[in-house]
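Trainee: below are the sequence and a predicted model; questions follow.
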Amino acid sequence: MQNTLYYGDNLDILRRFVDDQTVDLIYLDPPFNSNRDYNVLFKEQSGAASPAQIKAFGDTWNWAGAAPAWADFPALCPNAKVIELMWGFHNTLDENDVMAYLVMMAPRLFHLHRALKPTGSLYLHCDPTASAYLRLILDALFKPRNFKNEIIWKRTSAHSSAKRYGPIHDNIYYYSKSDIFTWNPHYTAHGSEYIETFFDQTDADGRRWKRSDLTGAGTRNGETGQVWRGIDVTAKGRHWAYPPSVLEELDVQGRVHWPNKPGGMPRLKQYPEDLAGIPLQDVWNDIRPMHNLSQERMGYPTQKPLALLERIISASSNPGDVVLDPFCGCGTAVVAAQKLGRRWVGIDITPIATSLVQKRLFDAFEARDSRLVSADDPQAQARAFRVEGLPTDEAGARAMFEADHKKFEMWAVGLIPAIPQEKKGADGGIDGVAYFDVGGKDLAKAVVQVKGGRNIGAAGVQQLRGAMGKNNAPLGFYVSLEAPTKPMLAEALAAGFYKAPTGVGRQVPALQVRTVAELLCGRDFDFPVTGANASFKQAAAIARAAGQGTLGLD
């Protein structure tokens, strides 16, 4: 299976493209808040939520939207136990947001279970909002005996909440599909208090150590049952933990402690570094949550730390195994899988997310869609992945434009990547906004205009220049399917150049023109500072301001 990134509804993708028992590990972090649009959410520089931003997909969690799926639920989720359970939920919860959410989730969990190999595992990441209901659905699919852990991940520090305890953790449910599954144990380091308490001996050089047995219970007839240094441990019903040759080597290394008391048993000198550490427990507070200054922050409101996904993937899969994330968002699980040498499948329903994942894979590994990589470059081919559902060349972009102008515009904006906007008269008809770092406290703005038709000309570039002024944007990006005309380029050049007021970075053209083909081939727009595009970092602020939503039971 080649690494593959799918754009589309994950239920449809799972049913059509993911075969039975082909996946080794599934990690999913589905949206679980209600009354919001599950999208990258942004703020304007004023701090207010942008009224112009396009909703990548609407708030699915209302009964009016879920009713058609409920009517067809047995066909979508052909599992008798889950159907009975869902009827129980329906009778108990009635037709509301929670029920709508569960109607969405249950068929997807059914197909994820179907896709898992018998030796596979699933990790479902959620918050306490709907975790109890999801746990019951998982029990019905996987059977309660295959529930392994409820992992508590401390996702934030102290949190002040009115009239309740501060919510600072997420739940991660860990299930295996059978009794035989991949498990690579992890350990955490012993704390200083443990070392000071139990490693109570000190070498001349100050190294702490503790006494440990050199024998084990029961007698043996082989080497470990022999007399060593005149000591017959079999008389005490025991055996040596190591053959005599190893015991001699340990003694030469100074690792055997000989007691002063005559007849006392020698002991092994054990140092802290000799121990693997403490086996990982089900409360994780050693992985820091994403914070404002984190280098890996993409601004996606539900982004998880790479270390969290690396832990899960390394514990429950091996190199070459297939990892699936059906709600891949900004692609942390995909990036972790690629880093750890696993194969992967990622699915997301927003063109913005899939464009962001592609950019992240390129930035981290120089990995691109395989159809854009030369067959003469085996190293690039080895890093490459497949993209399904989104254009990878000019012909595909034209087909998308003909089928759906709005989807094309959103996808093209995502190539930058920038934030798609609803066209409003006051803003000059812009299709997107990109914020970028200029070295100060505030971010500057670039406005984006996308043209898919053949009737392009200097007038469109002039319109973008006007939008730059109306939006106080020092940069303008014009994206076109067609090659620009000479008058268009002349109009763009007439806009002059821009250099950050703080003096950082280089001077760049204020109005830049790129074709879709150029963007697909890696000729990006120029920002004053390399890597300065901070568009997606706007998402984190509004996510914090909104707080954790709840699934209403009213």
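Mentor: Great, that's in hand.
Trainee: show me where pLDDT drops low in the stretch 1-150 of the chain?
Mentor: Within the stretch 1-150 of the chain, the stretches with pLDDT under 70 are 1, 32-61.
Trainee: centroid residue for the chain?
Mentor: residue 332 (2.5 Å; Cα atoms, centre = their mean).
Trainee: so that residue touches residue 306, yeah?
Mentor: Yes. If you go by Cβ atoms under 8 Å, residue 332 and residue 306 touch, sitting 5.8 Å apart. In this view, the C-beta of every residue, glycine as well, is placed from N, C-alpha and C.
Trainee: overlap of the contact sets of these two?
Mentor: Shared contacts of residue 332 and residue 306, defined by Cβ atoms under 8 Å, 6 or more residues apart in numbering, are absent.
Trainee: gap between the longest strand anywhere in the chain and the chain center?
Mentor: Criterion DSSP state E: the longest strand present in the chain is strand 116-126. How far strand 116-126 lies from its chain's middle: 16 Å, per Cα atoms, centre = their mean, to the nearest Å.
Trainee: adjacent strands (with direction) for that strand?
Mentor: For strand 116-126, the paired strands and their directions (DSSP bridges) are strand 23-28 (parallel), strand 169-176 (antiparallel).
Trainee: now render these as CSV, adding mean neighbour count.
Mentor: Shown next, in CSV, are the strands paired with strand 116-126 (neighbours: other Cβ atoms under 10 Å):
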stretch, mean neighbour count
strand 23-28, 25
strand 169-176, 21
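Trainee: for residue 96, which of those strands is the nearest?
Mentor: Nearest to residue 96, of all these, is strand 169-176, at 21.6 Å by Cβ to Cβ.
Trainee: quick check: the gap between residue 90 and residue 80.
Mentor: 16 Å (Cβ to Cβ, to the nearest Å).
Trainee: same deal with residue 394?
Mentor: On the measure of Cβ to Cβ, residue 394 and residue 80 end up 49 Å apart.
Trainee: picking up where we left off before, can you list the strands paired with strand 116-126 in CSV and add distance to residue 508?
Mentor: Shown next, in CSV, are the strands paired with strand 116-126 (distance: least, Cβ to Cβ, whole Å):
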stretch, distance to residue 508
strand 23-28, 39
strand 169-176, 41
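Trainee: show me where pLDDT drops low in the chain?
Mentor: For the chain (pLDDT under 70), the answer is 1, 32-61, 159, 161, 290-303, 422-428, 531-532, 534-554.
Trainee: mind giving me the domain ranges of it?
Mentor: 4-38+109-186+280-388, 188-274, 394-543 (automatic domain parsing).
Trainee: run the chain-centre distance for the shortest one.
Mentor: Domain 188-274 has its C-alpha centroid displaced from the chain centroid by 45 Å (Cα atoms, centre = their mean).
Trainee: got the end-to-end distance for that domain?
Mentor: 13 Å (Cα to Cα, to the nearest Å).
Trainee: got the residue ranges for the strands in the stretch 151-300 of the chain?
Mentor: Taking DSSP state E, counting those that start in this stretch as the test, the strands found in the stretch 151-300 of the chain are 169-176, 187-188, 201-202, 208-212, 215-217, 238-240, 256-257, 267-270, 278-279, 283-284.
Trainee: now for residue 129, how many residues are close by?
Mentor: For residue 129, the count of nearby residues is 19 (other Cβ atoms under 10 Å).
Trainee: three-state assignment of it?
Mentor: Applying DSSP: H, G, I helix; E, B strand; the rest coil to residue 129 yields a three-state assignment of coil.
Trainee: about what we covered before: export the strands of the stretch 151-300 of the chain to CSV and tack on distance to residue 326?
Mentor: Shown next, in CSV, are the strands of the stretch 151-300 of the chain (distance: least, Cβ to Cβ, whole Å):
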stretch, distance to residue 326
strand 169-176, 15
strand 187-188, 30
strand 201-202, 53
strand 208-212, 47
strand 215-217, 48
strand 238-240, 52
strand 256-257, 55
strand 267-270, 46
strand 278-279, 30
strand 283-284, 23
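Trainee: do you know which of those lies nearest residue 418?
Mentor: Closest among the strands of the stretch 151-300 of the chain, once you apply Cβ to Cβ, is strand 169-176, at 29.7 Å.
Trainee: residue 108 against residue 9, yeah?
Mentor: No. Applying Cβ under 8 Å, one finds residue 108 not in contact with residue 9, separated by 9.5 Å.
Trainee: settle it for me: which of these two has more neighbours?
Mentor: A direct count of neighbours by other Cβ under 10 Å for residue 108 and residue 9 places residue 108 higher, at 21 against 16.
Trainee: can you pull the contacts of the more buried one?
Mentor: Residue 108 makes contacts with 10-11, 14, 30, 326, as judged by Cβ under 8 Å, 6+ apart.
Trainee: could you list the buried residues of stretch 470-486?
Mentor: 471, 473-482, 484 (16 or more other Cβ atoms under 10 Å).
Trainee: do the same with stretch 405-412
Mentor: Per 16+ other Cβ under 10 Å, stretch 405-412 contains these buried residues: 408-412.
Trainee: redo these as a markdown table? Include secondary structure.
Mentor: What follows is these, written out as a markdown table (three-state DSSP):
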| residue | secondary structure |
| --- | --- |
| 408 | helix |
| 409 | helix |
| 410 | helix |
| 411 | helix |
| 412 | helix |
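Trainee: tell me the one among those residues nearest to residue 96.
Mentor: Closest to residue 96, out of all of the buried residues of stretch 405-412 and judged by Cβ to Cβ, is residue 410, at 30.5 Å.
Trainee: go ahead and confirm that closest one touches residue 353.
Mentor: No. Judged on Cβ under 8 Å, residue 410 makes no contact with residue 353 at a distance of 11.0 Å.
Trainee: ok, now which ones touch the residue lying closest to residue 461 once chain neighbours are set aside?
Mentor: Closest residue to residue 461 apart from its sequence neighbours, by Cβ to Cβ, 6 or more residues apart in numbering: residue 491 at 4.2 Å. For residue 491, the contacting residues are 458, 461-462, 465, 511, by Cβ under 8 Å, 6+ apart.
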